[in-house]
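Colleague: sequence plus predicted model, see below.
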Number of protein chains: 4
Amino acid sequence: MSQYQHIKQKAYEANMQLPKLGLVLFTFGNVSAADHDLGVFAIKPSGVPYEELSPEKMVIVDFDGNTVEGSHRPSSDTKTHAVLYKNWPKIGGIVHTHSTYATAWAQSQRCIPIFGTTHADHLTADIPCAPPMSDEMIQGDYEYQTGFQIIDHFTELGLSYEEVEMVLVGNHAPFTWGKTADKAVYNSAVLESVAQMALLTEQINANAPRLKDALIKKHFERKHGPDSYYGQ
Amino acid sequence: MSQYQHIKQKAYEANMQLPKLGLVLFTFGNVSAADHDLGVFAIKPSGVPYEELSPEKMVIVDFDGNTVEGSHRPSSDTKTHAVLYKNWPKIGGIVHTHSTYATAWAQSQRCIPIFGTTHADHLTADIPCAPPMSDEMIQGDYEYQTGFQIIDHFTELGLSYEEVEMVLVGNHAPFTWGKTADKAVYNSAVLESVAQMALLTEQINANAPRLKDALIKKHFERKHGPDSYYGQ
Amino acid sequence: MSQYQHIKQKAYEANMQLPKLGLVLFTFGNVSAADHDLGVFAIKPSGVPYEELSPEKMVIVDFDGNTVEGSHRPSSDTKTHAVLYKNWPKIGGIVHTHSTYATAWAQSQRCIPIFGTTHADHLTADIPCAPPMSDEMIQGDYEYQTGFQIIDHFTELGLSYEEVEMVLVGNHAPFTWGKTADKAVYNSAVLESVAQMALLTEQINANAPRLKDALIKKHFERKHGPDSYYGQ
Amino acid sequence: MSQYQHIKQKAYEANMQLPKLGLVLFTFGNVSAADHDLGVFAIKPSGVPYEELSPEKMVIVDFDGNTVEGSHRPSSDTKTHAVLYKNWPKIGGIVHTHSTYATAWAQSQRCIPIFGTTHADHLTADIPCAPPMSDEMIQGDYEYQTGFQIIDHFTELGLSYEEVEMVLVGNHAPFTWGKTADKAVYNSAVLESVAQMALLTEQINANAPRLKDALIKKHFERKHGPDSYYGQ
């Protein structure tokens, strides 16, 4: 049995949650699960329908994007995953989808304002939208550069990838991550819900104010602080 | 067997309706069922997925928010439930969700105008939106204060909690209640539907008028008055 | 066996389609099926959940609204059905729902413009919206007057109930009808779809033109004329 | 066994995907599958509900629209399919639906701007919207002329039907095609998703820019070029 069976299994199970959560049409999404000690991750093979996936079909790739094990080609977004794992060592899973509302925000090239506690329960910043890449980056190694575009945007905004586990890539679509692949999938579903609510909020009240600072702070502490007690 | 088995069972069954009605993502909601004679209520445990719930996992809490029985932590919104039960003695069940449209109205900090008979069949006032709490209340015992924020807003508007069984908490999300936990869940579903229709109504006609007074009165009497005869 | 068994069965089956088609929440809808020779119709009992319905529970009512057979109270909208059957002799079935998009148009008090062939395949006029009733009508026999409000509006606009099998009642919700109860249910689903598309059309292009006259005429003839050949 | 069994089977299976993908209400859609060597295509019979379809009920029609085999009438849109097969020899399947968002764009008579990579992964032009036909064309052989309206619009815009496998017909609804019937169905689902995202994008940011040229080029090459490697 493969020494990577544990992450193949995790990646498989996490990928299978995407269609159940309504986050993907056909194969428009992928999840990976990493083992930082082994320096590799398991990722969905390219173009294989969800109903034909199995743990064995997951592809093992190292953090430079080289395939280590597997008979299928890895997802075309593999290099973006590799860059994020290499630079952000505490990430155990990454998800990319083209979910409807999050992708619409990415296409509109706006960050998602923090309008309420649903958002604040998960992150206390606006959900960032990295600008589209420069022509040079696009013409180069595109998926590789997508990873750096995300990391550079976090650096520019002074955001921690451990606190803000999601990003919109302008003109493209969302990426989410987390300590595990399951958490990354959870974050994708939360992002989609928050993205829908934020659009509706602006439609109901074009001048809806951002969440007040005291509430942002309270919700952050309720979930993340030393005295955290959150759970519904 | 627990002397609270009857409310554990009711709370369990009512909680299980939330995902079926499409009102919750993951664990973003909770239902409680009270016994005013015993001075306690049964509420969903914190962070337990719906598919793992059972009547036995419900937590018994008194009206001051103290856990009386149960091996799990109660929902983080427990104190809000406790305050409402203590102050509004005819409530037998309470529901909190982050359902999409109702939450968007709460985030937009607008009450929901009464536009039609779907709304009027259930309540004949606009659905109130309590303003976000003051910084002092937020920094204090937040969930406890959420209960008072709701009660104070009803007092200010002169609303009866027996006639208006739902509220939006600004920046946050809805709470609904009723004589039973089942009725409170029913009210959550009605609120979500009315919230969606109200947004669509304004999108179709930005100057849509509120329901005329004669219709408000008629629908109120049709359902609630001494000669009530309503039922579809 | 009841001499009305045939219409009880039809009304039962047609009612059961409403939740399957996503047109009702809880019991917010009702279907009836008439036998004009016998001068009666079978209608859903009041307040009974769909999962507890059976043909035997349907209530038989005459065209003046009097219950002829049945142990349950008929739907609270029964008198509206009775008035329509009495005045429009070629109707065999009537449906009332609070379906989301059609109800939003009714609340906005606008008729639905004919924007495309989906609409024109079914009717070649805008979908009419009867204005809210006068205070006098509301204070009188409300459900009875709702029937006349619909008929009067058709008379005023010069519409034929055989060509236009649906109406919005301002501030309230839609009614549809047809030669059979099944056709009336079909029309309710078509109305909901057309109502959603019309709102989206205006959102995409605030100046979207109504369907051109030549297309209205063509689609009318394609489906209804002597040389009709329509079917997808 | 019919010499056309292979395309009957393909057309049947592709038709059955439409309700599963949420692209049709009742019978508002049809799929055909062609065999260019035999000069015929199999198409859904007219007015038959999806649950009653079978491969045997598919109708075989030649590229002039004449029925060759089958006991049912072919779909009323058959001549549109025939014209496209006759003029565009590399098409193996065609789909027509009235899916909600694509139809709303068709009704609004706007082409769908290319806002993001979800769109660019499939085609690198705006999704064209053919204008409504002239009165003369409508009064003539309407479904036949619909085919020419589509072809003429592609010629006018200089579009290749092999690169752009979808079109909106103004005032009407979408048509999609592909090398196979399955691919044509896939394109219908992609179109519906892209159409929804484009509306949402404009609602979030009324000034959302079209996808930048370098990204259009990159995504085109990633999927279609000699060095293509795409797949999620």
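Modeller: That came through, no problem.

Colleague: packing partners of the helix or strand hosting residue A:33?
Modeller: Element membership for residue A:33 (DSSP states H and E) is strand A:29-35. Using 3 or more Cβ pairs under 8 Å, 6 or more residues apart in numbering or on different chains; DSSP states H and E, the elements in contact with strand A:29-35 are helix A:5-20, strand A:40-43, helix A:78-87, strand A:93-97, helix A:181-204. (C-beta placed from N, C-alpha, C; glycine too.)

Colleague: as JSON lines, the ones you listed with mean pLDDT would be great.
Modeller: Listed next are the helices and strands packed on strand A:29-35 as JSON lines, based on pLDDT from 0 to 100:
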{"stretch": "helix A:5-20", "mean pLDDT": "97"}
{"stretch": "strand A:40-43", "mean pLDDT": "98"}
{"stretch": "helix A:78-87", "mean pLDDT": "98"}
{"stretch": "strand A:93-97", "mean pLDDT": "98"}
{"stretch": "helix A:181-204", "mean pLDDT": "98"}
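
Colleague: please identify which of the ones you listed is closest to residue C:189.
Modeller: Among those, the nearest to residue C:189 by Cβ to Cβ is helix A:181-204 (24.8 Å).

Colleague: after that closest one comes which helix or strand?
Modeller: The helix or strand immediately downstream of helix A:181-204 is helix A:213-224, counting by DSSP H and E.

Colleague: for that next one, which helices and strands make contact with it?
Modeller: Packing partners of helix A:213-224 (3+ Cβ pairs under 8 Å, 6+ apart): helix A:117-120, helix B:135-139.

Colleague: report the buried residues of it.
Modeller: A:214, A:215, A:216, A:217, A:218, A:219, A:220, A:221, A:222, A:223 (16 or more other Cβ atoms under 10 Å in any protein chain shown).

Colleague: would you reformat those residues as JSON lines and include pLDDT?
Modeller: Below are the buried residues of helix A:213-224 laid out as JSON lines (pLDDT from 0 to 100):
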{"residue": "A:214", "pLDDT": "90"}
{"residue": "A:215", "pLDDT": "88"}
{"residue": "A:216", "pLDDT": "89"}
{"residue": "A:217", "pLDDT": "85"}
{"residue": "A:218", "pLDDT": "85"}
{"residue": "A:219", "pLDDT": "77"}
{"residue": "A:220", "pLDDT": "74"}
{"residue": "A:221", "pLDDT": "79"}
{"residue": "A:222", "pLDDT": "71"}
{"residue": "A:223", "pLDDT": "66"}
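
Colleague: quick one: closest of the helices and strands packed on helix A:213-224 to residue D:144.
Modeller: helix A:117-120 (53.0 Å).

Colleague: using PDB, list the CA coordinates for the closest one.
Modeller: The C-alpha trace of helix A:117-120 is given here as PDB (Å, rounded to 0.1, in the frame of the first residue of the first chain):
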ATOM      1  CA  THR A 117     -21.600  38.000  12.400                       C
ATOM      2  CA  THR A 118     -21.800  35.100  10.000                       C
ATOM      3  CA  HIS A 119     -18.700  36.500   8.400                       C
ATOM      4  CA  ALA A 120     -17.100  37.600  11.700                       C
END
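
Colleague: do it and chain D meet at all?
Modeller: No: Helix A:117-120 does not reach chain D (Cβ under 8 Å from any Cβ of the partner chain); its nearest approach is 15.6 Å.

Colleague: which is the next helix or strand following that helix?
Modeller: strand A:129-130.

Colleague: show me what that following strand is packed up against.
Modeller: Judged by 3+ Cβ pairs under 8 Å, 6+ apart, strand A:129-130 is in contact with helix A:142-157, strand A:166-169.

Colleague: in its sheet, what does that strand sit against?
Modeller: Partners of strand A:129-130 in the sheet, by DSSP bridges, are strand A:166-169 (parallel).

Colleague: closest to chain D out of the buried residues of helix A:213-224?
Modeller: Ranked by distance to chain D (Cβ to the nearest Cβ), those are led by residue A:216 at 22.2 Å.

Colleague: what would the buried residues of helix A:213-224 look like in JSON lines with distance to residue A:65?
Modeller: Formatted as JSON lines, the buried residues of helix A:213-224 follow (distance: Cβ to Cβ, whole Å):
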{"residue": "A:214", "distance to residue A:65": "44"}
{"residue": "A:215", "distance to residue A:65": "42"}
{"residue": "A:216", "distance to residue A:65": "37"}
{"residue": "A:217", "distance to residue A:65": "40"}
{"residue": "A:218", "distance to residue A:65": "42"}
{"residue": "A:219", "distance to residue A:65": "37"}
{"residue": "A:220", "distance to residue A:65": "35"}
{"residue": "A:221", "distance to residue A:65": "39"}
{"residue": "A:222", "distance to residue A:65": "39"}
{"residue": "A:223", "distance to residue A:65": "34"}
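
Colleague: now find how far off-centre stretch A:150-163 is within its chain.
Modeller: Relative to the centre of its chain, stretch A:150-163 is centred 13 Å away, using Cα atoms, centre = their mean, to the nearest Å.

Colleague: which ones are touching the residue nearest the centre of chain A?
Modeller: Residue closest to the average C-alpha location in chain A (Cα atoms, centre = their mean): residue A:176, at 1.2 Å. For residue A:176, the contact set (Cβ atoms under 8 Å, 6 or more residues apart in numbering or on different chains) comprises A:94, A:95, A:165, A:166, A:167, A:184, A:185, A:187, A:188, A:191.

Colleague: could I have the strand holding residue A:33 exported to CSV, CA atoms only?
Modeller: Extracted C-alpha coordinates of strand A:29-35, given in CSV (Å, rounded to 0.1, in the frame of the first residue of the first chain):
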residue,chain,number,x,y,z
GLY,A,29,-13.1,22.3,-8.5
ASN,A,30,-10.3,20.4,-6.7
VAL,A,31,-9.2,19.7,-3.2
SER,A,32,-5.7,18.6,-2.0
ALA,A,33,-4.5,17.3,1.3
ALA,A,34,-0.8,17.7,2.4
ASP,A,35,1.7,15.9,4.6
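
Colleague: what strands line up against that strand, and which way round?
Modeller: Taking DSSP bridges as the criterion, strand A:29-35 sits next to strand A:40-43 (antiparallel), strand A:93-97 (antiparallel) in its sheet.

Colleague: distance of residue A:157 from chain D?
Modeller: Separation of residue A:157 from chain D (Cβ to the nearest Cβ, to the nearest Å): 19 Å.

Colleague: on that earlier part again, can I get the helices and strands packed on strand A:29-35 in TSV with mean neighbour count?
Modeller: Below are these laid out as TSV (neighbours: other Cβ atoms under 10 Å in any protein chain shown):
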stretch	mean neighbour count
helix A:5-20	20
strand A:40-43	30
helix A:78-87	23
strand A:93-97	30
helix A:181-204	23
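
Colleague: how about a markdown table for those, with distance to residue C:32 added?
Modeller: Shown next, in a markdown table, are the helices and strands packed on strand A:29-35 (distance: least, Cβ to Cβ, whole Å):
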| stretch | distance to residue C:32 |
| --- | --- |
| helix A:5-20 | 39 |
| strand A:40-43 | 57 |
| helix A:78-87 | 58 |
| strand A:93-97 | 46 |
| helix A:181-204 | 36 |
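
Colleague: quick check, pLDDT for the residue nearest to the centre of chain A.
Modeller: Confidence at residue A:176, expressed as pLDDT, is 98.
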